[in-house]
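Colleague: Please find the sequence and the predicted model below.
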Amino acid sequence: MAHEDLDEEKWEQDQRLLIEAYLHKQGVAHGGVGERPAFSIPPYLALWAIQSHRVSGRVGWWAISGDVPTDYLSSDDGKNPREALRAFSKIWREVSDCMAEGKKHPTVNIGPPDRWKDFAPLLRRRSDLLEEFAANDELWEE
């Protein structure tokens, strides 16, 4: 799946900067973004461990970037990277279902309402992809 001409280190650095700016814009208090992704498939996806601002050394959040919506969720929703991907997949599936029906999701807002019908199938495909990655044991071998 890797792109032969991709500079993975630069891609990771760019994604990390994107996540830092996104979390700042969202007002997420944290203790720092991991130096490297906790899980990645460049250039499609990078999953980042975000340190808790309350408990030093603890992951407080997970953030995701790449060819997916940039998003974050609490580590309470996923204790490890694999669980975090499943959690993102689940919430994105719920959001895409709401979008397809023209309804606002109660907690997540992605894109303007007049684009929801267009975004719904795209978000559903990203949700399915994350679930496939989480289910693929070969990606998680130690």
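Modeller: Yep, it's here.
Colleague: Apart from its chain neighbours, what residue comes closest to Phe119?
Modeller: Leaving aside its sequence neighbours, Phe119 sits nearest to Gly111 (C-beta to C-beta, 6 or more residues apart in numbering; 4.9 Å). Using the backbone N, CA and C atoms, a C-beta is placed for each residue, glycine as well.
Colleague: And the one you found, how far from Gly27?
Modeller: With distances taken as C-beta to C-beta, to the nearest Å, Gly111 is found 20 Å from Gly27.
Colleague: Please identify which of those two sits among more neighbours.
Modeller: Of the pair Gly111 and Gly27, Gly111 is the one with more neighbours under other C-beta atoms under 10 Å, namely 15 against 6.
Colleague: my read: the more buried one touches Lys117, true?
Modeller: No. Contact criterion C-beta atoms under 8 Å: Gly111 and Lys117 do not qualify, at 10.4 Å.
Colleague: Report the secondary structure state of His105.
Modeller: In three-state terms, and counting by DSSP: H, G, I helix; E, B strand; the rest coil, His105 is coil.
Colleague: okay, now it: neighbour count?
Modeller: Neighbour number of His105 under other C-beta under 10 Å is 16.
Colleague: Give me the pLDDT value at it.
Modeller: Note for His105: predicted pLDDT of 93.
Colleague: Please verify my assumption that it contacts Cys98.
Modeller: Yes. Contact status for His105 versus Cys98: in contact at 4.4 Å, counting by C-beta under 8 Å.
Colleague: Is Ala134 located within a helix, as I assumed?
Modeller: Yes. Counting by three-state DSSP, Ala134 is located in a helix.
Colleague: Thank you kindly, that will do.
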